[in-house]
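Enquirer: Sharing a sequence plus its predicted fold:
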Amino acid sequence: MKLFKSLLILALSIISQVSNADALVQNQAMKASTIIEFYIDEDGVRAELEIGANALEGFKNLLPDAIYRQFNYGDEAYNQRLQTFFSKELSLLTGDETYLTGQLLSIGPAKRILRDPINGTPLPIQDDAPEVIEATLYYSFPKGKLPEQLIFLSPPARDIGFVAYHNGVSINDFRFISSGYTLDLDWEDPWYSAFTSRNLRRKYSAPMSGFIYVEPFEVRKEIITRPKDLQRWVDLGLKNKKVISVESQAEIKQKVAEFLTEHHPVVIDGKPAKGILESVNFLERTLTSSRVIDPPEPLNIDAAILGVIFVYPQTALPDSVVMTWDLWDERIIDVPVSAVDQAGPLGMLLQSDWNKLKWQNFLKNPVVPSFNIVEAPAATWQIILYKSLPVIGILALITLLWLALTIKRKQSFALPLSTVCLLLLTSGLAAQLGKSNNPELDRAQTIVSSLLHNIYRSFDYRDDSDIYDILARSVTGELLTDIFLETKQSLVLANQGGAQAKVKEVSLESLNLKPDDNENSFTVEADWVVQGSVGHWGHVHQRSNRYQAVMNMVVEEQQWKLSKMTILQQERL
């Protein structure tokens, strides 16, 4: 029973470790010989370096004298070399071209930090990570003056990846650094700090964004927003705060939910729709995924974001959905939005004079979840006929001998002949209409395939009573309750805020019948593949799993139902 629960949890929890439908490619800056991370705050800029062998010469003036001379770089004094490095190599200038004073805080050997090749998230330290020289630099701001701009000059080495943060807010995704990059600093709200080159701006730079998902049984609206931006419309108690404490987060989420309930109205098939609030969560968002921050933790007010989900239940796939964005000011100018259906996401930018996200049903062959009709088990009279076939056959043979004997003796053979005819007719009917509930292979494949399909399809519905009632058509007894409760719980955990994973296809690949002495049951060993997807925060994720299991089917209430399952193997494809 626990193994079957595991099956559905894994099959429906399609959100974790998935392949993203967006065209995300590996960031080659992650493979650079040298990585620099800049951390900017009110006092200055801290730069953390991992210097690889391929770029070592470009950073030679940082090296201690012994190593500098060992590489035959010369015999220039260390202090002079540092001055050259901070003024002509890795230099930071203010907008008025004033050089910031730099100093070396530490330097020494270390292991390279291995990072996710797409979003740069540090991976666990690996023993075979390459050796690097680790250095920490610091550039001080002039006292009492916060620069409005920073200009970056890079060392004479091309293979340098970098990322910058302003008061904890990521300014750019990993990129290759080059001299002359100019950064505009917004000290009031670091979220809006940005490089003047658009190519250096992070993908998720918008303070607000919205998504509409259209599915056969629901329309879902998802809003991503920063509490600090919403503070301009509704008092969330954030004024003059730098950190959102754990204690204040529940109240903030409640106020945000109440506020957004009255905004971004949705019209479905020409009629205003009232949404049901499903969830409000603080999120951590990367290029590849979004996750609910759980357990809660104190959050930087500049970087904190909320994800809010509203659901609009439907009885059928709608023809049109329109969401109107109604929050605009001097900060909220462009809002990225996307409408997602079975064909995938269609994104656009909304502006105050173009503020409607419209979805129209142009799907030529939309896939609407449906249930298979499971072949009924054999009726009692069919089983009696099936079981009586050998007896009828033996009686027919005896009667044939009787008929032959009467003909040989030249006696009247009317009675044996009519008896033979009756028994042969009965035998033919028994062979044609008689059935056993220990089916042959083809029939067993049809029954198992239909039951698996219907089990997964039952979770397409949102209402618990609907799911339970439909699931009860395919599963028996205690197993029914376990599947219902555990799968519902697994969906909530996997959805990271409410988006439900949807199984798109269940393909039975092979099936072998196992010995079973019970007339009203049969046992099989089966292999099947589950393909599914989930749409969440503008992404569509795909997932396929293969399973091998021993399953027992029984007759209950004149229906075939699944009563037991033991998972033998599961594999992520």
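Expert: Ah, there it is. Numbers count the residues shown, from 1 in each chain.

Enquirer: Low-confidence bits of the stretch 101-250 of the chain, can you list those?
Expert: Within the stretch 101-250 of the chain, the ranges that satisfy pLDDT under 70 run 117-120, 125.

Enquirer: Quick one: the strands in it, in order.
Expert: With strands called from DSSP state E, counting those that start in this stretch, the stretch 101-250 of the chain shows them at 101-111, 131-140, 149-153, 160-166, 169-170, 175-176, 181-184, 194-195, 208-215, 218-225, 243-244.

Enquirer: Can you list the strands that the fifth one pairs with?
Expert: Which is strand 169-170. Here strand 169-170 has these sheet partners by DSSP bridges: strand 160-166 (antiparallel).

Enquirer: Please apply the same query to the second one.
Expert: Using DSSP bridges, strand 131-140 pairs in its sheet with strand 44-51 (antiparallel), strand 101-111 (antiparallel).

Enquirer: And that strand, what's buried?
Expert: 132-135, 137-139 (16 or more other Cβ atoms under 10 Å). Every residue, glycine included, has its C-beta placed from N, CA and C.

Enquirer: In the protein, where's the longest strand?
Expert: In the chain, with assignment by DSSP state E, the single longest strand is strand 539-556.

Enquirer: The closest residue in space to residue 48 that isn't next to it in sequence: what's it in contact with?
Expert: Nearest non-adjacent residue to residue 48, counting by Cβ to Cβ, 6 or more residues apart in numbering: residue 37, 4.7 Å away. With contact taken as Cβ atoms under 8 Å, 6 or more residues apart in numbering, residue 37 is in contact with 47-48, 162-165.

Enquirer: Could I get the full set of helices for the stretch 1-150 of the chain?
Expert: Counting by DSSP state H, counting those that start in this stretch, one finds helices in the stretch 1-150 of the chain at the ranges 2-12, 65-70, 78-84.

Enquirer: ranking the ones you listed by mean pLDDT, which is last?
Expert: Ranked on mean pLDDT, the bottom entry among the helices of the stretch 1-150 of the chain is helix 2-12, at a mean of 44.

Enquirer: returning to that earlier point: of the strands paired with strand 131-140, which is nearest residue 218?
Expert: strand 44-51 (45.8 Å; Cβ to Cβ).

Enquirer: what ranges do the strands span in the stretch 251-400 of the chain?
Expert: 266-268, 271-273, 276-285, 290-292, 299-300, 305-313, 320-324, 335-341, 344-350, 356-360.

Enquirer: strand partners of the fourth one, parallel vs antiparallel please.
Expert: Under the criterion DSSP bridges, strand 290-292 sits next to strand 276-285 (antiparallel) in its sheet.

Enquirer: So for stretch 211-221, first residue to last residue, what's the gap.
Expert: 6 Å (Cα to Cα, to the nearest Å).

Enquirer: in it, what's buried?
Expert: For stretch 211-221, using 16+ other Cβ under 10 Å, the buried residues are 211-221.

Enquirer: Next: stretch 463-482.
Expert: In stretch 463-482, counting by 16+ other Cβ under 10 Å, buried: 467-468, 470-476, 479-480, 482.

Enquirer: quick check, nearest of these to residue 326?
Expert: residue 467 (34.8 Å).

Enquirer: Tell me if the closest one really is in a helix.
Expert: Yes - counting by DSSP: H, G, I helix; E, B strand; the rest coil, residue 467 falls inside a helix.
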